[in-house]
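In: Predicted model and sequence follow; I will ask about them next.
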Amino acid sequence: MSHTVVTTTTTTRSSSGEGFLNLGYTRSVQGLLKIAQVVALLIAFLCVHCARGWTDYSAFRYFEVVTLWFLIAFLIFYLMYVFRLQSKIPCINWTMTELLHYGVGTILVFIASIVAAVKSGGVFELEAGSAFGFIATFLLAVSIWTSYKVTCGSQPTSASV
């Protein structure tokens with residue numbers, strides 16, 4: 001008597017939990033916010049850096065330092081999440097670290113944008129840099145709100161024993 005045995009194997013892959021890159025993060029709200037923040041800060045920095053006719057060097061140097069610093073910081077956070085580097089260093093609470101950076105960044109970019117707007121002296125590039133600084137401030141505030149909502153949102157209170 002002959003028997004025929006047919007075996008079927010099904011392999012499924014989960015792209016969110018495996019692999020080197022987290023491409024799902026680039027399409028998430030937090031990922032898109034980070035990209036928008038980096039772009040707004042880059043445009044703000046370039047507008048002020050390339051402008052001629054500064055009326056107050058110290059005010060605009062402060063604006064450049066603040067925008068460039070947080071541009072680099074948020075780019076590093078973005079790359080950390082895309083390359084899943086935060087899971088390699090679990091001793092740091094990345095959500096709180098990011099929330100702290102967003103809080104400080106929002107305040108400092110807002111102050112720098114106000115100073116740049118006041119000291120622009122009618123120079124279009126400086127006014128545009130200040131406007132993009134305000135846009136970046138708004139995007140940073142939105143990130144604070146979404147981080148806070150995720151971190152301190154409603155937690156389930158019922159426990160099943």
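Out: Great, that's in hand. Since the model is a prediction, treat every value here as computed from it, not as a measurement. Numbers count the residues shown, from 1 in each chain.
In: ok, and the closest non-adjacent residue to the most centrally placed residue in the chain?
Out: Closest to where the C-alpha atoms of the chain average out (CA atoms, centre = their mean) is residue 34, at 2.8 Å. Computed as CB to CB, 6 or more residues apart in numbering, the closest residue to residue 34 that is not its neighbour in sequence is residue 78, at 4.3 Å. Quick note: C-beta positions are derived from backbone N, CA and C, even for glycine.
In: Which residues are in contact with that neighbour?
Out: Residue 78 is in contact with 31, 34-35, 38, counting by CB atoms under 8 Å, 6 or more residues apart in numbering.
In: Who wins on neighbours among those?
Out: Neighbour counts for the contacts of residue 78 (other CB atoms under 10 Å) peak at residue 34, which has 23 neighbours.
In: Remind me which helix or strand that one belongs to.
Out: helix 29-49 (DSSP states H and E).
In: got the buried residues for that helix?
Out: 30-31, 33-34, 36-38, 40-48 (16 or more other CB atoms under 10 Å).
In: buried sites along the following helix or strand past it?
Out: Counting by DSSP H and E, the next helix or strand C-terminal to helix 29-49 is helix 57-82. Within helix 57-82, the residues that count as buried by 16+ other CB under 10 Å are 59-60, 62-64, 66-67, 69-71, 73-75, 77-78, 80-82.
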